[in-house]
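**Student:** Sequence and predicted structure are below.
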Amino acid sequence: MPVIVPGHESITQAAETLRGGGVVAFPTETVYGLGADTFNENAIRLIYKLKGRPFDNPLIAHVHDEGYVAKLAARWDDRCHRLAQHFWPGPLTIIVPKAKNVPEAATAGYPTIALRSPSHFVARELLRALGGPISAPSANRSGHVSPTRAAHVAADFADADDLLILDGGACELGIESTVLDMSGAPRILRPGSVTMDAIRAAINEDVSFVDVSAQMQSPGTSPAHYAPRTKAELVDRIALEQRLAAATSPIAALVMQDVEAGAHSVFIMPQDAELYASRLYDAMREADSCGASAIVIERPTRHGAMWDAIRNRLSRAAEHPTG
Ligand code: TXA
Ligand code: MG
């Protein structure tokens, strides 16, 4: 499959592909996305088919800037405007009631639409070249670990011969955007690097966190997401050491500090939350491919919103997917 380092020509080619109803994988500052023209229903269906994504799980529409929101949202109030001014372009997804002209497929039939303006220059150039919104989930097979490198996308879609992948290098942030539902009282549906406190400060209003995995308000946030194929366990340090010492077959371990490795594959993770996040999915994919019988992840104990977002992804990875 063509993996292309973006220059002016390849971005023009990718925009042409989108215009022609095709699908393109592109980098954002969070993770790679698998994009199609928001207004092309067939192209949107192609994303679901390629990913194996359940048809009831809505997509994020990516926009170059707030100017495109009018075409997509039925309501964009002053609070949303303030959020966009504070956090766009960047890793904040804002859910609002959707405009009537947006195809049903683009929001999986939801009356709301998720909007985000990414900051990665390749994503921005692509949006500019298309001149319209791009609907894109993370560019992984449904339920699998999100991709933070072009090679991750290529590995997940090895059988999709004609998938165009724009290679923008490793994603800087490495975990998916904060998803904020603004269709009613502000609620965070998925934690990310834009924190609850920062959102509160921007809109001067209380914000709640909903554990949607329990309530299924945001289908992609169900348990058993972001998961490697090898069974993953999330344990504290003492249990990790015991687990490694007692294991009779090789284990892959993601640890916070060095540990007696023996025959196991040990990945020492960064102490800094931002660095940990940017390394996480790459480490999980490496751990997944080293032939280990299990992936054991040491639960980080540090406090802070970014660590909360990381623990959210880790506990989902440890809920083993069923399909
Ligand atoms: O950082 C990101 O958000 C990346 C990059 C590519 O932008 N995208 C991403 O997309 O993570 P995806 O589809 O993997 O996750 C989007 C999440 C899903 O949990 C989906 O269910 C939720 O947002 N979502 C999208 N539209 C929604 C809506 N209208 N109501 C509730 N949840 C929604
Ligand atoms: Mg995803």
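**Tutor:** Yep, that arrived. Ligands and ions are numbered 1, 2, ... in the order given.
**Student:** Hmm, residue 115 is touching residue 65, no?
**Tutor:** No - assessed by Cβ atoms under 8 Å, residue 115 is found out of contact with residue 65, at 10.9 Å. Where C-beta positions appear, they are placed from N, C-alpha and C, glycine not excepted.
**Student:** Spatially central residue for the protein, please.
**Tutor:** residue 176 (3.4 Å; Cα atoms, centre = their mean).
**Student:** now the strands for the stretch 151-300 of the chain?
**Tutor:** Secondary structure of the stretch 151-300 of the chain (DSSP state E, counting those that start in this stretch): strands at 164-166, 178-181, 187-190, 208-209, 232-235, 252-255, 265-268, 295-298.
**Student:** Kindly reformat those strands as TSV containing distance to residue 305 and mean neighbour count.
**Tutor:** As requested, these are exported to TSV (distance: least, Cβ to Cβ, whole Å; neighbours: other Cβ atoms under 10 Å):
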stretch	distance to residue 305	mean neighbour count
strand 164-166	30	24
strand 178-181	9	25
strand 187-190	10	21
strand 208-209	10	12
strand 232-235	19	20
strand 252-255	21	24
strand 265-268	23	16
strand 295-298	20	25
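**Student:** For ligand 1, find the nearest of those.
**Tutor:** Closest of the strands of the stretch 151-300 of the chain to ligand 1 is strand 178-181, at 4.7 Å (criterion: Cβ to the nearest ligand atom).
**Student:** roughly how far is that closest one from the heart of the chain?
**Tutor:** In terms of Cα atoms, centre = their mean, to the nearest Å, the centre of strand 178-181 is found 12 Å from the chain centre.
**Student:** Could you spell out the sheet neighbours of it, each with its direction?
**Tutor:** Take DSSP bridges as the rule and strand 178-181 pairs in its sheet with strand 92-97 (parallel), strand 187-190 (antiparallel).
**Student:** Adding mean pLDDT and distance to ligand 1, write the ones you listed out as CSV.
**Tutor:** CSV is the format used below for these (pLDDT from 0 to 100; distance: least, Cβ to the nearest ligand atom, whole Å):
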stretch, mean pLDDT, distance to ligand 1
strand 92-97, 98, 5
strand 187-190, 97, 6
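**Student:** Switch the ones you listed over to CSV; also include distance to residue 262.
**Tutor:** Putting these into CSV (distance: least, Cβ to Cβ, whole Å) gives the following:
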stretch, distance to residue 262
strand 92-97, 42
strand 187-190, 37
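**Student:** right, so of those, which gets closest to residue 9?
**Tutor:** Nearest to residue 9 among the strands paired with strand 178-181 is strand 92-97 (30.3 Å), distances taken as Cβ to Cβ.
**Student:** From the contact counts, what lies against the next helix or strand after the closest one?
**Tutor:** Next helix or strand after strand 92-97 toward the C-terminus (DSSP states H and E): strand 112-116. Judged by 3 or more Cβ pairs under 8 Å, 6 or more residues apart in numbering; DSSP states H and E, the packing partners of strand 112-116 are strand 60-62, helix 69-72, strand 92-97.
**Student:** ok, the residue lying closest to residue 70 once chain neighbours are set aside - contacts?
**Tutor:** Spatial nearest neighbour of residue 70, excluding adjacent residues (Cβ to Cβ, 6 or more residues apart in numbering): residue 76 at 7.3 Å. Contacts here follow Cβ atoms under 8 Å, 6 or more residues apart in numbering; on that basis residue 76 touches 69-70, 96.
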